[in-house]
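Chemist: Kindly return the folded structure for what I paste below:
(2 chains)
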Number of protein chains: 2
Amino acid sequence: MDIKINFNRLKEDIKALSQIGRDPNSGITRPSYSKTDLEAQEWLKEKIKGADLLLRQDGAGNIFGRLDGKGKTIMVGSHIDTVINGGMFDGSVGVLSGLECLRRIKEEGLQLSKPLEVASFVDEEGNLVGDFLGSRAFLGLLERETLEKGLTQFGIPFIEILKGTEFTIDSIMEAHQQRPDLEAFLEIHIEQGPVLETENKTIGIVDCIAGKHYRWCSFLGKANHAGTTPLELRHDAFLGLADFALKSTQYVATKHYGNMITIGKVSVKPGAFSIVPGQADFSFEYRSSSKETLQELEKSLMALAESIASTRGLKFTSKIMDKTDPVPIPPRIINIMKEECEKLGYPFMMLPSGAGHDAQIVASVAEPGMIFIPCVDGISHSPLEMIKWEDLEKGANLLLHVLLKIAS
Amino acid sequence: MDIKINFNRLKEDIKALSQIGRDPNSGITRPSYSKTDLEAQEWLKEKIKGADLLLRQDGAGNIFGRLDGKGKTIMVGSHIDTVINGGMFDGSVGVLSGLECLRRIKEEGLQLSKPLEVASFVDEEGNLVGDFLGSRAFLGLLERETLEKGLTQFGIPFIEILKGTEFTIDSIMEAHQQRPDLEAFLEIHIEQGPVLETENKTIGIVDCIAGKHYRWCSFLGKANHAGTTPLELRHDAFLGLADFALKSTQYVATKHYGNMITIGKVSVKPGAFSIVPGQADFSFEYRSSSKETLQELEKSLMALAESIASTRGLKFTSKIMDKTDPVPIPPRIINIMKEECEKLGYPFMMLPSGAGHDAQIVASVAEPGMIFIPCVDGISHSPLEMIKWEDLEKGANLLLHVLLKIAS
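Modeler: Predicted coordinates for the structure are as follows:
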């Protein structure tokens, strides 16, 4: 079938949506349930109605456009909320490419055997009460207490934020009751990393969405006068952290190549020019597409930290803050993506998704699939976020063909 | 001569002074010109008058007690101000031992050939406008602008602090005009480090007061998504700092053993769990008793940082914040201290002073000499600051005998 998306229409949609919540000096700010987000929601609903799709919005604010059929639904989507001062492609590409696919199928009058839906999930970016509010509501994974007591990153209680909307804690908690039975959930997204650009590939077929461990750790030593305490008598907590940072990174780079390890947040106490650090607190996260590797990393890296602490006369403490398991993409979906990519003649590669996505959440009730397109310099969550438009055209065409293949 | 200090009197003085500004839960807080410090100043002035010494207070608030004589003055002293939540020995030991020495000489009716003075300098701890306010005023080293525009560490302008006192910027700037000609300045102080305790020596004869360089440095890389940026494509500024911290410490420990190097303050940006650090700012200080070593350290360590930055795809920047030269103690003073120590039979060792002291400032107009006594676990600037009283007794006796030797 040589059906193609209407690329100019898709491009115009992305540009139009990017005007909502845009500050010319600092990117796009459209956190879910904000005035700009509600405006974007209305815009999207009009687009869905304009495409003659069946519009539905659930109690969490997730928006769906349906092309009806029999059996389980094939869903395609992402999110239209943004981080503060974000870019115009993260999320929007997925929702609007999905919309464009359904629009073209409808226009062509193609009769598919299964129903299709485009979905836009709220607060994927976690501005309010943790990541993936919308898709977790869609799955019924939320705890009422989180919503009732949650404080948003803006310092305002979540319940106060809700007051500006038509949504309530009850309606969010009940959103999942409106969920249709799903067969698959497909998402196209910018890579948010530099791999496709570095490898000069237009398409990334995701083979796994990585799992991760978030930890908050400390090396504890002894604060001492920096002028009078000889190096060999110090218990310098920061040097313990420095040693751990280098050795743990080296360990992952050599023994578990391809996995991620990051120390992103550091606090040294007491934190003065002339005092040897008595305490070094730090965030520590590691990610892997393999659950076994995650477990192995947990064991080895904590043992490494203990060993460094012991060698240096320090103590080490660590607390797990969050833990998610990897989500492997089913071979059936991967194979369809590969075949359609080859038919279309697009250069592709397999890669894991290091970032989390709505597809990861929906994966518990649907076969997930993800397509990545490159973003310039790997930059996202920034006004500098950029793509090559021709990459998007290919990515959206691939999505259309994969959708047709699965739905027919 | 077998004259000895009156140790019980000295001990009672130290205990009495430690009651001023003491919080039973958190040590002693007596920053210069505070209500507690002014109370301590009055207490000290009464003690000096009670000892029948000639009392003088200069325009900076430095207090002197004089035993008159002919020729250049031999001065002995330290400071009675403290850090916030400090201990009872740092500084006080020097002023009150000096007072006790002069008191005993007066009591014994000894006729010395030279005048003696005990001195108490304000704000040695640098709570107001940098270290050594009092001794710098005494030397005429202050700049008027520093005083006029200076903001204290309490967030209050220095000129506001002065309003609660009888001192003015004019009187501080003129304080040095009242300085007598000096021959020598002697100071006994707790070591503020663990060397004497570790080496099991009662007395430390300081052979040099270390010089130091204070720098504020940064490694600059690129902030990136921690889930999607492969390790080999990162420009992780924190790993640059970790590498530098370990290699620079190793370099000093092996190539320049006995010198100090410290990274005490660290700030990582943007500072989030899931973002690879794009910037790592840190304080960096190194100290040495040798000016040549300081210059060599400056050259080698900056080159090391540049080389690490280059290897890791980072940039390195560095700004000098403060620089002081080492002050060697003259052999004449060291030899007298050694001889008197041997006569008294006290176990001693030579060591450099890594910390700065008033003696370092006064050294430009007088031969400096310093005696250290051990402090428990090397702790100072803390309510836990402690000494063995018998060490103080020996230290103060040594001071007395050194003073007599120089003055006779």
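
Chemist: Please name every helix or strand in contact with the lowest-mean-pLDDT helix or strand in chain A.
Modeler: Lowest on mean pLDDT, DSSP states H and E among the helices and strands of chain A sits strand A:224-225, with a mean of 88. Helices and strands touching strand A:224-225, by 3 or more CB pairs under 8 Å, 6 or more residues apart in numbering or on different chains; DSSP states H and E, are strand A:275-276. (C-beta placed from N, C-alpha, C; glycine too.)

Chemist: Kindly recompute the last result at 10 Å.
Modeler: The contact analysis (3 or more CB pairs under 10 Å, 6 or more residues apart in numbering or on different chains; DSSP states H and E) places strand A:224-225 against strand A:275-276, strand B:260-262.

Chemist: what does the last one contact?
Modeler: For strand B:260-262, the external contacting residues (CB atoms under 10 Å, 6 or more residues apart in numbering or on different chains) are A:224-231, A:234, A:236, A:238-239, A:272-277, B:193, B:210, B:212, B:245, B:248-253, B:283-289, B:297, B:301, B:352, B:354.

Chemist: Which other helices and strands does the helix or strand harbouring residue A:204 contact?
Modeler: Per DSSP states H and E: residue A:204 is located in strand A:203-209. Strand A:203-209 sits against strand A:182-190, helix A:195-199, strand A:327-328, helix A:331-344, strand A:348-353, helix A:358-362, strand A:367-373, helix A:389-407, with contacts defined as 3+ CB pairs under 10 Å, 6+ apart.

Chemist: Tell me how far the last one lies from the chain's centre.
Modeler: For helix A:389-407, the distance from its own C-alpha centre to the chain's C-alpha centre is 20 Å (CA atoms, centre = their mean, to the nearest Å).

Chemist: what's the answer for the first one, then?
Modeler: Here strand A:182-190 shows a centroid-to-chain-centroid distance of 13 Å under the convention CA atoms, centre = their mean.

Chemist: model confidence over it, on average?
Modeler: The average pLDDT within strand A:182-190 is 98.

Chemist: just the second one next, same as before
Modeler: The average pLDDT within helix A:195-199 is 95.

Chemist: Now that helix: buried residues?
Modeler: By 16 or more other CB atoms under 10 Å in any protein chain shown, the buried positions in helix A:195-199 come out as A:195, A:196, A:197.

Chemist: Quickly note the distance from residue A:68 to residue A:13.
Modeler: 23 Å (CB to CB, to the nearest Å).

Chemist: which residues does residue A:56 contact?
Modeler: Contacts of residue A:56 by CB under 10 Å, 6+ apart are A:45, A:48, A:62, A:63, A:64, A:65, A:66, A:117, A:119, A:178, A:180.

Chemist: Would you tell me what helix or strand the closest residue in space to the third one that isn't next to it in sequence is located in?
Modeler: Put plainly, it is residue A:62. Nearest residue to residue A:62, sequence neighbours excluded (CB to CB, 6 or more residues apart in numbering or on different chains): residue A:134, at 4.7 Å. Using DSSP H and E, residue A:134 sits in helix A:133-139.

Chemist: from the contacts of strand B:260-262, which ones fall inside strands?
Modeler: Judged by DSSP state E, the contacts of strand B:260-262 include A:224, A:225, A:275, A:276, B:212, B:283, B:284, B:285, B:286, B:287, B:288, B:352 as members of strands.

Chemist: quick one: which of the residues you listed has the most company?
Modeler: residue B:287 (29 neighbours; other CB atoms under 10 Å in any protein chain shown).

Chemist: Would you confirm that that one contacts residue B:323?
Modeler: No - using CB atoms under 10 Å, residue B:287 is not in contact with residue B:323, being 11.1 Å away.

Chemist: near chain B at all, stretch A:229-249?
Modeler: Yes - counting by CB under 10 Å from any CB of the partner chain, chain B has neighbours in stretch A:229-249: A:229-234, A:236, A:238-239, A:241-247, A:249.

Chemist: For PyMOL, what selects the buried ones among those?
Modeler: To isolate the buried subset of the residues of stretch A:229-249 next to chain B in PyMOL, counting by 16+ other CB under 10 Å, use the following:
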select buried, chain A and resi 229+230+231+233+234+236+238+239+241+242+243+244+245+246+247+249
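
Chemist: out of the residues of stretch A:229-249 next to chain B, which are inside helices?
Modeler: Counting by DSSP state H, the part of these found in helices is A:238, A:239, A:241, A:242, A:243, A:244, A:245, A:246, A:247, A:249.

Chemist: Residue A:230 is in contact with residue A:236, correct?
Modeler: No - using CB under 10 Å, residue A:236 makes no contact with residue A:230, being 11.6 Å away.

Chemist: Mutual contacts of those two, please.
Modeler: Common contacts of residue A:236 and residue A:230, defined by CB under 10 Å, 6+ apart, comprise residue A:224.

Chemist: ok now do residue A:304, which residues does it touch?
Modeler: When contacts are counted by CB under 10 Å, 6+ apart, residue A:304 touches A:243, A:244, A:247, A:248, A:251, A:316.
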